[in-house]
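have a look at this prediction, sequence included:
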Amino acid sequence: MPANRFNGQCDYGIGIGLRVPHYSHILSRKPDVDWFEIISENFMVDGGRPLELLDRILEQYRVVQHGVSMYFGSADKPDRAHLRKLKNLVKRTKTPWLSDHLCWGSVDGTYTHDLLPMPYTFAAARRTAEKIRQVRDFLEVPICVENVSSYVEFHQSEMTEWEFLTEVVELADCGILLDVNNIYVSSKNHDFNPYDYVNNVPHERVGQMHIAGHTKFEKYILDTHDHPVLDPVWKLYAHATDLCGVSATLLEWDDKIPSFDEVHNEALKANEFIDTAKKAVV
Amino acid sequence: MKRPPKHAPKRIRSTADLRSFQRMMATAVTRPLTAGDGLQPKWVDGRPMGTVAAEFVKPNDRLSSFDRLELYNRMYWFRLFDAIQDDCPGLRAAVGERAFWRLAQVYLERRPSRSFTLRNLCSRLVDFIRENPRLTAPRTALAVEVARFEWAQTVAFDGESRPLLTAEDLAGKPPTRLRMGLQPYITLLELRHPIDTFVISVKRREVMRSEASNAPDSSAAPPRTARRPPLPRLSRTWVAVHRHNNRLFYKRLDPAAFKILEALSKGRTLTRAIAAGGPKARPAQVRKWFTTWMALGWFCAPGNKKRPGAS
């Protein structure tokens, strides 16, 4: 869906992640980029250079916040101090929507700093949805939850991952940040058909998509974000775009980061699939 | 984190079950690695880890439950080791490779992260080194000073900045009643070693090492032949770790200037702060110091400020 209530009715195009090695290029050359995604936690600080840089970016670009530590799926209640800091940042960036992961990563106030997969159960879905609602009500901004890549499955699960994602977003009445690379990585690690996943999520709730590169090992695939997007992921992205419409799309490249132009050009390859999808609609 | 349950819940029907499950998984993920960087073969109660992992992790045709859990266990430790290494290059050089990695492991095991951000990972390291001197012996005193200095850098980088004290704020107030706060991002350090020059030389060597290699993987271990800079000799040093125009700086201070700033940061009046500088702080010199500090934007309205690791 190009613009919907889950992405603040924003018709954003192709963006890239704002990363430290590119700051100087962006600020000096002012490249034409539709929007930047920032990692919220990098700017949830009290002062100094991070906020100065962010303000300079905000003067010239549209920015969307993406979090890595809200842990909607943790049994713990949302941390109020964390939420207050996040809300301050939301006010600063005026992000039209905010995304974080459908995962957990902390328990009893201890943090693993990882995006740990959920046991796909109805009770976990209810708890997760309740937290998403609480966070959205506090932050007063639409929320999209992102499917994570995973390397374990649990005996306790009562449904597939896409059924769990659907259950959570319906209960929370929130959006989806559909990460097609994560779907592909998990499909290889857990032997399911990635097209079943994409076909069976509520397409009208997709507010944004992620694409990225991954690394193949002998017995599993890791979501490393250190490569260009691989062909099977582009194909899955094209399929998702056919079903969901042209969504705001972001390329994640977080390790072994090449030049700004290389990252941006890789992201812009998505246009090929977007154009096809637009022609199909016409 | 509370102790994990004896067994993972077979079904998750409530938030309590979910919490119990998450304690089990988090305990497994955060357990220290073996010497070979693997998941420990025994669970906390002595049962085989493979048996415990199979209670909640499904195997597939390529990986056992143990193997799959081990991926997360490794990622946890590698991520946190990377973070602590990035934040503490000086401490690593000061205590040596072996002691540093042992310290990092024991610190993370006993003081796991309680913050949503890795930025705060080392916020309790100074106290931990003090409480566990054997981990850094015989260089514990040096280790404490380097850890204080490196935490001060984190604070200076992105700590809070308050509105500057202006001439209007000062006008008409007698020095006997005037109080001036120090910006929260500034840390004053009274040290037994010149840690500032030591940390600068460590950073220079790190830069030279990275520039000497075209290896695409920046996380690759540095060559074993790389020598660390000489350890600092005893020499009392007074330094302010601060920022100016959002760049990190270390400013050496005269001992009297340090005393004055320290007194101001504790809420003393201007008169009492200057008196704390002692008889060597001559009026002309003090005026010059204050002019510099005002120009650097160091003063704000007095108030409570939390500065862990400060002297």
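Arrived safely, thanks for sending.

so which residues of the stretch 51-200 of chain B form strands?
Along the stretch 51-200 of chain B, the segments classed as strands by DSSP state E, counting those that start in this stretch run B:181-182, B:187-191.

out of the ones you listed, which gets nearest to residue A:222?
Ranking those by proximity to residue A:222 (C-beta to C-beta) places strand B:187-191 first, at 39.0 Å. Any C-beta I mention is one placed from the backbone N, CA and C, and that applies to glycine too.

which other helices and strands contact that closest one?
Applying 3 or more C-beta pairs under 8 Å, 6 or more residues apart in numbering or on different chains; DSSP states H and E, we find strand B:187-191 packed against helix B:140-158, strand B:237-244, helix B:255-265.

again, only this time at 10 Å
helix B:140-158, helix B:195-211, strand B:237-244, helix B:255-265 (3 or more C-beta pairs under 10 Å, 6 or more residues apart in numbering or on different chains; DSSP states H and E).

okay if I get the ones you listed as a markdown table plus distance to residue A:234?
Converted to a markdown table, the helices and strands packed on strand B:187-191 look like this (distance: least, C-beta to C-beta, whole Å):
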| stretch | distance to residue A:234 |
| --- | --- |
| helix B:140-158 | 38 |
| helix B:195-211 | 33 |
| strand B:237-244 | 44 |
| helix B:255-265 | 57 |
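
out of these, which gets nearest to chain A?
Chain A lies closest to helix B:140-158 among the helices and strands packed on strand B:187-191, at 3.8 Å (C-beta to the nearest C-beta).

tell me the mean pLDDT for that closest one?
Averaging pLDDT along helix B:140-158 gives 98.

export it to PDB, keeping only CA atoms.
Extracted C-alpha coordinates of helix B:140-158, given in PDB (Å, rounded to 0.1, in the frame of the first residue of the first chain):
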ATOM      1  CA  THR B 140      44.500  -2.300  39.100                       C
ATOM      2  CA  ALA B 141      45.200   1.300  39.900                       C
ATOM      3  CA  LEU B 142      46.100   2.000  36.300                       C
ATOM      4  CA  ALA B 143      43.100   0.100  35.100                       C
ATOM      5  CA  VAL B 144      40.700   2.100  37.300                       C
ATOM      6  CA  GLU B 145      42.100   5.300  36.000                       C
ATOM      7  CA  VAL B 146      41.900   4.300  32.300                       C
ATOM      8  CA  ALA B 147      38.400   3.000  32.700                       C
ATOM      9  CA  ARG B 148      37.300   6.300  34.400                       C
ATOM     10  CA  PHE B 149      38.900   8.200  31.500                       C
ATOM     11  CA  GLU B 150      37.300   6.100  28.800                       C
ATOM     12  CA  TRP B 151      33.800   6.400  30.400                       C
ATOM     13  CA  ALA B 152      34.400  10.100  30.700                       C
ATOM     14  CA  GLN B 153      34.800  10.100  26.900                       C
ATOM     15  CA  THR B 154      31.400   8.500  26.400                       C
ATOM     16  CA  VAL B 155      29.800  11.100  28.600                       C
ATOM     17  CA  ALA B 156      31.600  13.900  26.800                       C
ATOM     18  CA  PHE B 157      30.600  12.600  23.400                       C
ATOM     19  CA  ASP B 158      26.800  12.600  23.900                       C
END
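
chain center to it: distance?
Offset of helix B:140-158 from its chain centre (C-alpha atoms, centre = their mean, to the nearest Å): 6 Å.

next one: stretch B:24-37
Taking C-alpha atoms, centre = their mean, one finds stretch B:24-37 lying 23 Å from the centre of the chain it belongs to.

check stretch A:47-67 too.
Using C-alpha atoms, centre = their mean, the offset of stretch A:47-67 from its chain centre is 18 Å.

now residue A:38: which helix or strand?
Assigned by DSSP states H and E, residue A:38 belongs to strand A:35-39.

ok, and what's touching that strand?
A:10, A:12-19, A:22, A:26, A:50, A:54, A:57-58, A:60-69, A:89, A:93, A:95-96, A:99, A:177, A:208, A:210, A:248-252, A:254 (C-beta atoms under 10 Å, 6 or more residues apart in numbering or on different chains).

point out the ones among the residues you listed that are inside helices.
Mapping the contacts of strand A:35-39 onto helices (DSSP state H) picks out A:26, A:50, A:54, A:57, A:58, A:60, A:89, A:93.

contacting residues around the last one?
Counting by C-beta under 10 Å, 6+ apart, residue A:93 touches A:36, A:38, A:40, A:43, A:54-55, A:57-58, A:62-65, A:141.

the nearest residue to residue A:125 once chain neighbours are set aside - how many residues pack around it?
Leaving aside its sequence neighbours, residue A:125 sits nearest to residue A:167 (C-beta to C-beta, 6 or more residues apart in numbering or on different chains; 4.2 Å). Number of residues near residue A:167 (other C-beta atoms under 10 Å in any protein chain shown) recorded here: 20.

any idea how far residue A:167 lies from residue A:160?
Distance of residue A:167 to residue A:160, given as C-beta to C-beta, to the nearest Å: 10 Å.

what residues of the biggest helix by length in chain B count as buried?
Assignment by DSSP H gives helix B:65-87 as the longest helix of chain B. Neighbour counts using 16 or more other C-beta atoms under 10 Å in any protein chain shown place B:65-73, B:75-77, B:80, B:83-84, B:87 of helix B:65-87 among the buried residues.

other SSEs contacting it?
Using 3+ C-beta pairs under 10 Å, 6+ apart, helix B:65-87 sits against strand A:110-116, helix B:15-30, helix B:49-56, helix B:89-95, helix B:97-110, helix B:140-158.

please redo it, this time with the cut-off set to 8 Å
Against helix B:65-87 (3+ C-beta pairs under 8 Å, 6+ apart) you get strand A:110-116, helix B:15-30, helix B:49-56, helix B:97-110.

out of those, nearest to residue A:260?
strand A:110-116 (26.2 Å).

list the helices and strands whichever helix or strand comes after that closest one packs on?
Sequence-wise, the next helix or strand downstream of strand A:110-116 (DSSP H and E) is helix A:122-139. Judged by 3+ C-beta pairs under 8 Å, 6+ apart, the packing partners of helix A:122-139 are helix A:80-93, strand A:143-146, helix A:161-172, helix B:15-30.
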